[in-house]
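*Asks:* mind looking at a prediction? Sequence and model below.
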2 protein chains.
Amino acid sequence: MSDLFAVLAEPSRRRILDALRRSEGLLVKELVSGLGMSQPNVSKHLRVLRTAGLVSETAERQGRRYRLRADALREMDDWLRPYRAFWTNRLDELGDYLDSTHPNEGPQP
Amino acid sequence: MSDLFAVLAEPSRRRILDALRRSEGLLVKELVSGLGMSQPNVSKHLRVLRTAGLVSETAERQGRRYRLRADALREMDDWLRPYRAFWTNRLDELGDYLDSTHPNEGPQP
DNA sequence: CAGTTATATAACTGTCAAGGCATGTAGAAG
DNA sequence: CTTCTACATGCCTTGACAGTTATATAACTG
């Protein structure tokens, strides 16, 4: 489970990240009640996310606060970058030209 | 396996997409020899990719040509977008300020 | 110290998918 | 029609988790 893509393949983990993104860090109990998952399940997922460098953990009096480490997502963004060109550059700048010369190779609706 | 993220969690499938991205479509046999995977394995992955809308297939005399459908990756890009702001805006514009006030909360090397 | 709260961990179980092997199939070639 | 090529598909085994339940740990409270 050391692969970033495999870590993010779990919908529950993406939901955890989404929740952390909208807040300035959350306690485990807040994630449990907020997402409606069992506490051990949340803890397990947090462990995976932590191992992947996607979240950080700090101890507090009321519990442990987990924060997003969005930086770890750059690897995914890097992989995606060359593909992004297919619908940003190509379609916007060269779309008409390509469509007129290779009408069957453009993206289908 | 209808979840895009789960589909892309497989390294072999990402390699297939990478290969297709660099070319204007490839035959199955070309993928097999180029990636060094077994033919049934490649066919299976292609089926998954096709179901996810990530590749398209056209029949030719020499075989079946698969092409990238980068458009299907937009869903992943959309999910990533709000996170991207964390290292584009925040780090570039406020990075120095945050580093000077919370030196331990910045991205680790 | 006893009890409560917050979280982690261990053990177990069910599910699911990846990869290998063998086989089916369709088209071109002879 | 037979053979080869290119590809798909079915079956099988194995391994990897996800989720639950039960229990451990740690800190705070009274």
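*Replies:* Received the coordinates, thanks.
*Asks:* what residue in chain A comes nearest to DNA strand C?
*Replies:* Distances between chain A and DNA strand C by Cβ to the nearest atom of the strand are smallest at A:Gly63, namely 2.2 Å. For glycine as for every other residue, the C-beta is placed from the backbone atoms N, C-alpha and C.
*Asks:* and the residue nearest to that residue when sequence neighbours are not counted, how far from B:Gly25?
*Replies:* Among residues not flanking A:Gly63 along the chain, A:Leu27 sits closest, at 4.2 Å (Cβ to Cβ, 6 or more residues apart in numbering or on different chains). Separation of A:Leu27 from B:Gly25 (Cβ to Cβ, to the nearest Å) stands at 51 Å.
*Asks:* same check on A:Arg14?
*Replies:* Using Cβ to Cβ, A:Arg14 is found at 32 Å from B:Gly25.
*Asks:* does chain B sit close to stretch A:39-52?
*Replies:* No. With Cβ under 8 Å from any Cβ of the partner chain as the measure, stretch A:39-52 is seen stopping short of chain B, the closest distance being 12.6 Å.
*Asks:* which parts of that stretch are buried?
*Replies:* A:42, A:45-46, A:48-49, A:52 (16 or more other Cβ atoms under 10 Å in any protein chain shown).
*Asks:* okay if I get the residues you listed as TSV plus secondary structure?
*Replies:* Shown next, in TSV, are the buried residues of stretch A:39-52 (DSSP: H, G, I helix; E, B strand; the rest coil):
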residue	secondary structure
A:Val42	helix
A:His45	helix
A:Leu46	helix
A:Val48	helix
A:Leu49	helix
A:Ala52	coil
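*Asks:* next, format those as JSON lines and append pLDDT.
*Replies:* Compiled in JSON lines, the buried residues of stretch A:39-52 are given as follows (pLDDT from 0 to 100):
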{"residue": "A:Val42", "pLDDT": "98"}
{"residue": "A:His45", "pLDDT": "98"}
{"residue": "A:Leu46", "pLDDT": "98"}
{"residue": "A:Val48", "pLDDT": "98"}
{"residue": "A:Leu49", "pLDDT": "98"}
{"residue": "A:Ala52", "pLDDT": "98"}
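*Asks:* ok, and which of those reach DNA strand C?
*Replies:* A:42, A:46 (Cβ under 7 Å from any atom of the strand).
*Asks:* may I see the buried residues of the helix or strand harbouring A:Leu80?
*Replies:* Assessed by DSSP states H and E, A:Leu80 sits inside helix A:74-87. In terms of neighbour count (16+ other Cβ under 10 Å), helix A:74-87 has its buried residues at A:74, A:76-77, A:79-80, A:83, A:86-87.
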